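S.K.: here is a sequence with its predicted model. Questions after.
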Amino acid sequence: MGGGPAGRGRWQGRRAGRGPRRAQRFGPCSPRPPAHCPSGLVVRGPSARRLAVAARLQLPEDAARPERSMPGIVVPPGEARRSSDSRGSSAGSGRIPAAEGWLPRPAGALAPVSGVGTRTGGSCSSGRGKPGWAALSAAQGPERRRPLGPARSPASAGPALGRWRFGGVSTAWTWTSRPPPASGQAPGPPVAYREPPRARTRPASAPPATRRRAGGCLALPPSLPACPSRPTAPLMPVPRALTAQQPRCWTVLPHGRPAPQHPAFTGGSLTKLAYYSTVQHKVAKVRSFDHSGKDAEQDHEPPYEISVQEEVTARLHFVKFENTYIEACLDFIKDHLVNTETKVIQATGGGAYKFKDLIEEKLRLKVDKEDVMTCLIKGCNFVLKNIPHEAFVYQKDSDPEFRFQTNHPNIFPYLLVNIGSGVSIVKVETEDRFEWIGGSSIGGGTFWGLGALLTKTKKFDELLHLASKGHHTNVDMLVQDIYGGAHETLGLSGNLIASSFGKSATADREFSKEDMAKSLLHMISNDIGQLACLYARLHCLDRVYFGGFFIRGHPVTMRTITYSINFFSKGEVQALFLRHEGYLGAIGAFLKGAEQDNPNQYSWGENYAGSSGLRSSPPEPCPSQRTRGGAFDLLEMDRLERPLVNLPLLLDPSSYVPDTVDLTDDALARKYWLSCFEEALDGVVKRAVASQPGSVDAAERAEKFRQKYWNKLQTLRHQPFAYGTLTVRSLLDTREHCLNEFSFPDPYSKVKQRENGVALKCFQRVIRSLDALGWEERQLALVKGLLAGNVFDWGAKAVSDVLESDPQFGFEEAKRKLQERPWLVDSYSKWLQRLKGPPHKCALIFADNSGVDVILGVFPFVRELLSRGTEVILACNSGPALNDVTYSESLIVAERIAAMDPVIHSALREERLLLMQTGSSSPCLDLSRLDKGLAMLVRERGADLVVIEGMGRAVHTNYYASLRCESLKLAVIKNSWLAERLGGRLFSVIFKYEVPAE
């Protein structure tokens, strides 16, 4: 812990490339924290960097510039105290040169008492009632010491755990929770925080509550500041994958549950690390005002208030790196795996044996070696269930070469072929039932060993590179070499390999390394492919997933295995590969170690902002190891609040494809949409900054968002398959992930609040005008109202330009923008005829935008269905995306409308109108990943009509979706390029009513 042996008060640490050394020595330390310390921490000059290395922290590149500092809590003058002990100072004089870098800490929190796990203590405490000194900073000039008062008694509230995340590396500290007293006052009582059963949420300004668990009480400071946002440079030999990410957030570590939790290792040549952590991020919450006794028409207040709160969610991290960084990786775990209840770490693969002693020595934990095949299967099941577009077919002559498969609702049974040193073939029937059915000693090790003998090349990747440039026909004997032109009478192709390396026995010439490597690759791949095909046919399986060290995403290996499978099965068996096959063993080992938390009971989603993607370019090596190079891959998965399932009304869930256009196929559309999103970046940045007018670092964070999302777009230009199938939906979702990454949870919250307030004041007038119409006229007016409301989409540049330039643009103006009938897609006459028949039993409506759309478009339409005797389920986004209405906003809007309209009021009271959340935070809609509660309600109420509105939900996605019930898809095309491609113009109308075939 904080300064070495008890009472010594010494910092210890390891510098990059060197052994332990003494660092700054401070005043006497004791196991108990002080009653009070100043509320800041300053590290100055060259020693700042050495101190950061010792503390396993990172400072920004510009930390040595006196005119700039890292965002944090700036200590008022007089609060930063100078070093209390000169014996360990940089020059032996007790003074450290002037340049400074700030290490932020929550306002009101006490100074760090001791570092957690890595002896990173930066402060001291008094010993048994004796005064101590706060050695928090050093500056030029005479030394000063400040007595801290007596130490707290053991009965006091226990320490709190906090963590700073600098560049993806979390540094845990212990601090007391007693706020600094005002001058002349006694220290205040400690405050603590209670964690709710699931995600912790509390207003940023609210005082924390008390939380107790076995082993003590957690005490947190009254508030948590924004995360540090300046990019940092790694200062220690930690894998770049563990340090290169942008700082994201503060993470509070629950007592006994530090991060990383349940770490797991796998691998022999590459190390894969999997661990679980909690991530704290900001969310925008809405709460209704009390409008009792007020006239809604006269009310000038907004319909609800918005508050920014902090929420803690779970995240899985998977890192893959070369074994040269194994010790640095162990240092990372040792630094952050503290106060854990378990004394075991899971490991599998060759690394479980190769590094067993090193792991146990470094971490003081027992290595629990898990069965390799069990871990691979658990990992494979996990990614197939939770990551859309995980599996793909490799097609050499296609553009693109990767064809991703949609998630099948039932992934079992399948065949898993793991090609490592040898080959293992496993039949997987259920989550927990699988059988090893065969294998071969001829695998990746054979290719590597024979290749080394033939080419004198010792590195596996170099051997594959040679093979990619070779021509096997120079070495292999083909059918036409034996039979000449007579091979056609045998029904064989002359280009088939009759004998691998057959020509080498008779030819007098030397063969090139490239040709021999290519021949060897074909020989082993064909053997594996034929073996897998035979086992698949024997067990009546048509899906074979390939993984292992031999694959590793190399096109040359995937191409040869795919050809082999297709040839021997005559196209009846499909060779499938996985985007994250390199992580399967680590994921499985993690799941084994985390069984008590049952991670499989949740749904998980890939975080595009924190994942490197398929075939990502290797990042720049760490500064301390620049000559070593090496690729690092990252995968992050966020735990979703609610389990996700298929919509029960899908006609065939196994063939459902949510996206209308695959941009990896359509080069012209891909070029346009990538440019469109890039051009829109300025507007998104401007809106993000405007959404947080009181934030001093909003502009800086917005620029970082711009850079990160721009980098993602450039990656997708060159590698459109990096995150699976590239679609408009994936581009929108990636943008939302990057916004959340830099603490912009809802950039349009103020816009939605204002527009909801304006639309609510117009609701009764719109209803009166509709009620005055005849039945048939009213049906058309209701549909036009739905379409006019859908015009108000801030995600469309053509609309946002109008809304920003003309503040008076409203509902009636939007109606005049609509295309006149006949519409671009016009099934209205068919819909009108259906309305003359019996009412629907239950309608499921997926709403789009806030404001005019949901209030003046959707709710009048809902009201008409209710009047016909149809029950209605109104489904809205669980989280924010653009100006889409969220579930929490819809509750307030419905409450306000019910106060004005008796039809809505009685429907809500009688539960004929039900508001539900979709489980999504996207502008688009994936009907295969909906909230389980919503799916159960749809089945329970017997929904027989589905209404999907909006471009994102009804055009970019679900335009071709087939349902087992009637469906209505309607939208206004607000993009000129897309409208022209569909044969229309800007503001053309899609009104598509479909009835399932009998």
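M.R.: Sure thing, it's come through.
S.K.: any stretches of this protein with poor pLDDT?
M.R.: Within the chain, the set of residues satisfying pLDDT under 70 comprises 1-269, 290-300, 337-342, 596, 615-632.
S.K.: domains of it: list them as residue ranges, please.
M.R.: Domain assignment for the chain by automatic domain parsing gives 1-236, 240-291+311-386+585-641, 391-475+511-578, 661-741, 749-994.
S.K.: start to end distance for the last one?
M.R.: The one in question is domain 749-994. The first residue of domain 749-994 is 35 Å away from its last residue (C-alpha to C-alpha, to the nearest Å).
S.K.: for V344, what are its contacts?
M.R.: With contacts defined as C-beta atoms under 8 Å, 6 or more residues apart in numbering, V344 is in contact with 365-368, 593. From N, CA and C alone the C-beta is placed, and that goes for glycine too.
S.K.: at 6 Å instead, please
M.R.: 366, 368 (C-beta atoms under 6 Å, 6 or more residues apart in numbering).
S.K.: quick check: it vs V372, distance?
M.R.: Using C-beta to C-beta, to the nearest Å, we find V344 at a distance of 18 Å from V372.
S.K.: repeat that for R687.
M.R.: Distance of R687 to V372, given as C-beta to C-beta: 49 Å.
S.K.: do F567 as well
M.R.: Separation of F567 from V372 (C-beta to C-beta): 30 Å.
S.K.: ok, those two, which is more surrounded?
M.R.: Higher neighbour count among F567 and V372: V372, with 19 against 15, using other C-beta atoms under 10 Å.
S.K.: test my guess that that one contacts A347.
M.R.: No: the criterion here is C-beta atoms under 6 Å, and V372 misses it with A347 at 10.4 Å.
S.K.: which is the next helix or strand following the lengthiest helix in the chain?
M.R.: Secondary structure assigned by DSSP state H gives helix 513-538 as the longest helix of the chain. If you walk from helix 513-538 toward the C-terminus, the next helix or strand you reach (DSSP states H and E) is strand 543-547.
S.K.: packing partners for that following strand?
M.R.: Applying 3 or more C-beta pairs under 6 Å, 6 or more residues apart in numbering; DSSP states H and E, we find strand 543-547 packed against strand 414-419, strand 574-578.
S.K.: need the residues that contact the next helix or strand after it.
M.R.: The C-terminal neighbour of strand 543-547 among helices and strands, as given by DSSP H and E, is helix 555-569. The contact list for helix 555-569 (C-beta under 6 Å, 6+ apart) reads 394, 396, 464, 467-468, 521-522, 525-526, 529-530, 533, 551, 573, 575, 577.
S.K.: switch to 8 Å and redo it
M.R.: Residues lying outside helix 555-569 but in contact with it, judged by C-beta under 8 Å, 6+ apart, are 393-396, 401, 464, 467-468, 521-522, 525-526, 528-530, 532-534, 536-537, 544, 546, 550-551, 573-575, 577.
S.K.: drop anything exposed from those.
M.R.: The neighbour-count criterion (16 or more other C-beta atoms under 10 Å) marks 393-394, 401, 464, 467-468, 521-522, 525-526, 528-529, 532-533, 536, 544, 546, 550-551, 573-575, 577 among these as buried.
S.K.: show the end-to-end separation of stretch 569-588, please.
M.R.: Distance between the boundary residues of stretch 569-588 (C-alpha to C-alpha) amounts to 30 Å.
S.K.: re the thing from before, to D662, which of the helices and strands packed on strand 543-547 lies closest?
M.R.: strand 574-578 (17.7 Å; C-beta to C-beta).
S.K.: C-terminal to the closest one, which secondary structure element comes first?
M.R.: In the C-terminal direction, the helix or strand that comes right after strand 574-578 (DSSP H and E) is helix 584-593.
S.K.: which neighbouring elements make contact with the helix or strand following that following helix?
M.R.: With elements assigned by DSSP H and E, the helix or strand that comes after helix 584-593 is strand 604-606. With contacts defined as 3 or more C-beta pairs under 8 Å, 6 or more residues apart in numbering; DSSP states H and E, the secondary structure elements packing on strand 604-606 are helix 372-386, strand 633-639.
S.K.: okay, the shortest one in PDB with CA atoms only?
M.R.: Read that as strand 633-639. Once side chains and other backbone atoms are set aside, the C-alpha atoms of strand 633-639 remain, and they are given as PDB (Å, rounded to 0.1, in the frame of the first residue of the first chain):
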ATOM      1  CA  ASP A 633      -6.400  -5.300 -30.500                       C
ATOM      2  CA  LEU A 634      -9.200  -4.100 -28.300                       C
ATOM      3  CA  LEU A 635     -12.800  -5.200 -27.800                       C
ATOM      4  CA  GLU A 636     -15.200  -3.500 -25.300                       C
ATOM      5  CA  MET A 637     -18.700  -4.700 -24.600                       C
ATOM      6  CA  ASP A 638     -21.200  -2.800 -22.500                       C
ATOM      7  CA  ARG A 639     -23.800  -4.600 -20.400                       C
END
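S.K.: same for it, what does it pack against?
M.R.: For strand 633-639, the helices and strands in contact under the criterion 3+ C-beta pairs under 8 Å, 6+ apart are strand 304-322, strand 604-606.
S.K.: make CSV out of the ones you listed and add distance to D331 and mean neighbour count.
M.R.: Supplementary listing: the helices and strands packed on strand 633-639 in CSV, determined by distance: least, C-beta to C-beta, whole Å; neighbours: other C-beta atoms under 10 Å:
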stretch, distance to D331, mean neighbour count
strand 304-322, 13, 20
strand 604-606, 28, 22
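S.K.: among those, which is nearest G582?
M.R.: Taking C-beta to C-beta as the criterion, strand 304-322 is the member of the helices and strands packed on strand 633-639 that comes nearest to G582, at 5.5 Å.
S.K.: packing partners of the longest helix of the chain?
M.R.: Where contact means 3+ C-beta pairs under 8 Å, 6+ apart, helix 513-538 is packed against strand 414-419, strand 423-428, strand 434-440, helix 444-455, helix 460-469, strand 497-499, strand 543-547, helix 555-569.
S.K.: among these, which is the most enclosed?
M.R.: With neighbours defined as mean count of other C-beta atoms under 10 Å, those peak in mean count at strand 414-419, which reaches a mean of 26.
S.K.: direction included, what does that one pair up with?
M.R.: Using DSSP bridges, the strands paired with strand 414-419 in its sheet are strand 423-428 (antiparallel), strand 543-547 (parallel).
S.K.: tell me the angle that strand makes with strand 434-440.
M.R.: 40 degrees (axes from the mean of the first three to the mean of the last three C-alpha atoms, to 10 degrees).
S.K.: touching strand 414-419 from outside, list them.
M.R.: Taking contacts as C-beta under 8 Å, 6+ apart, the residues outside strand 414-419 that touch it are 373, 376-377, 380, 423-428, 434, 443-444, 528, 532, 535-536, 539, 541, 543-551.
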